[in-house]
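[1] need the 3D shape of this:
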Amino acid sequence: MSDTLETLLDIERKGLLEGSWLVTGSLSGEEKALLIKKFIARQMKTDDLDAYFPNVKWIERPLTDQAQKELQKSIASGKPLDKGDEKIQDRKAEITVDSVREIGRFFSMTFDKGIYRFLIINTADDMNENAQNALLKMLEEPPARTVIFLISNNRGKLLPTIFSRCRLLRLASMNRKEIETNLQNTLPAGTDISLLMRLGGYDFEKCLDLYKNNGIAVYGQLCGFLEKKPSAVQIFDFAQQMAVSDEAFDRFCLLLTEVLIERAKSSPSYFYFLEEFTAALPSVQTLYLDKKQFIANTLLKMNEI
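    Predicted coordinates for the structure are as follows:
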């Protein structure tokens, strides 16, 4: 993880740290959070990763009411807190708009001009739609010397308006050159490694998964759908292939998102379509809706753009 810490330190040395960052990549959520803690500790000149600083705010899923009671009971009794105690660590299913509204108070505080203000949302994927919408304005106009880290393990759960306002910080167990070399040594000659790395978010395992499951061909087929409108029969045949498993559906969502992001750079119509598509995904994934029908409906609507 030292290489990824060096990545952050290099960004700071170049004077590029201030602003909003979407933290993605193959590191686990826990590893990403630990890296951010180490970086902030370096900024604050301490080895204590759990030290409290008024200029650092973490937003996470709130404790359940019962866990909050257990925490208060432990504090009142004077017992040392056991971080492994499940009764104290149990959290609600999502980050709500109430948690995001706390950021406004944090942003209103003043600190010494020489230090950064850090806001970390861990993980941003846990925000419900109302919370994400409440965050948008804050991403546009944060105070000076403010650094916002949105830790993400599944970018598809975020509104496109969120990640369009952030710079991307990919944290992987291998750097890009190592990933490229490993893919070249693993895959047949002639494989479009550059495209595969981009589609896989520079995540070695995800790149391999896409290769093994014809991800490049599926991506090409989706791009082709934009150039030459497919028939309803072609759409339903394609939807059936993409809905054979949850993994296939997730790959479809990943690849279509990449296709739409590219188109959205030059076409507002595709930006709004991308926004609608990503907003609908949480309902499909959590309510177990018909994935084949969702894919077909999505492509039929895309045909109309």
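
[2] buried stuff in stretch 121-133?
    Counting neighbours by 16 or more other C-beta atoms under 10 Å, one finds that the buried residues in stretch 121-133 are 121-128, 131-132. For the C-beta atoms, the positions are set from N, CA and C on the backbone; glycine is no exception.

[3] reformat those residues as a markdown table; add pLDDT and secondary structure.
    As requested, the buried residues of stretch 121-133 are exported to a markdown table (pLDDT from 0 to 100; DSSP: H, G, I helix; E, B strand; the rest coil):
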| residue | pLDDT | secondary structure |
| --- | --- | --- |
| 121 | 97 | strand |
| 122 | 93 | strand |
| 123 | 89 | coil |
| 124 | 95 | helix |
| 125 | 92 | helix |
| 126 | 93 | helix |
| 127 | 94 | strand |
| 128 | 92 | coil |
| 131 | 94 | helix |
| 132 | 93 | helix |
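
[4] relative to residue 250, which of these is nearest.
    Proximity of those to residue 250 (C-beta to C-beta) peaks at residue 125, which lies at 13.4 Å.

[5] for residue 33, see how far away the residue located most distally from the centre of the chain is.
    For the chain, the largest distance from the centre (C-alpha atoms, centre = their mean) belongs to residue 77, which lies 39.0 Å off. Note on residue 77: its distance to residue 33, by C-beta to C-beta, to the nearest Å, is 29 Å.

[6] same question for residue 178.
    Look at residue 178 and residue 33: by C-beta to C-beta, they are 23 Å apart.

[7] what about these two, which has more around it?
    Each of residue 178 and residue 33 has its neighbours counted (other C-beta atoms under 10 Å); residue 33 has more, 20 against 13.

[8] what is the subsequent helix or strand relative to the host helix or strand of that one?
    Under the criterion of DSSP states H and E, residue 33 resides in helix 29-43. Using DSSP H and E, the next helix or strand after helix 29-43 towards the C-terminus is strand 56-59.

[9] which positions within the helix or strand that that next one is followed by qualify as buried?
    Per DSSP H and E, the first helix or strand lying C-terminal to strand 56-59 is helix 65-77. Buried residues in helix 65-77, counting neighbours by 16+ other C-beta under 10 Å, are found at 67, 70-71, 74.
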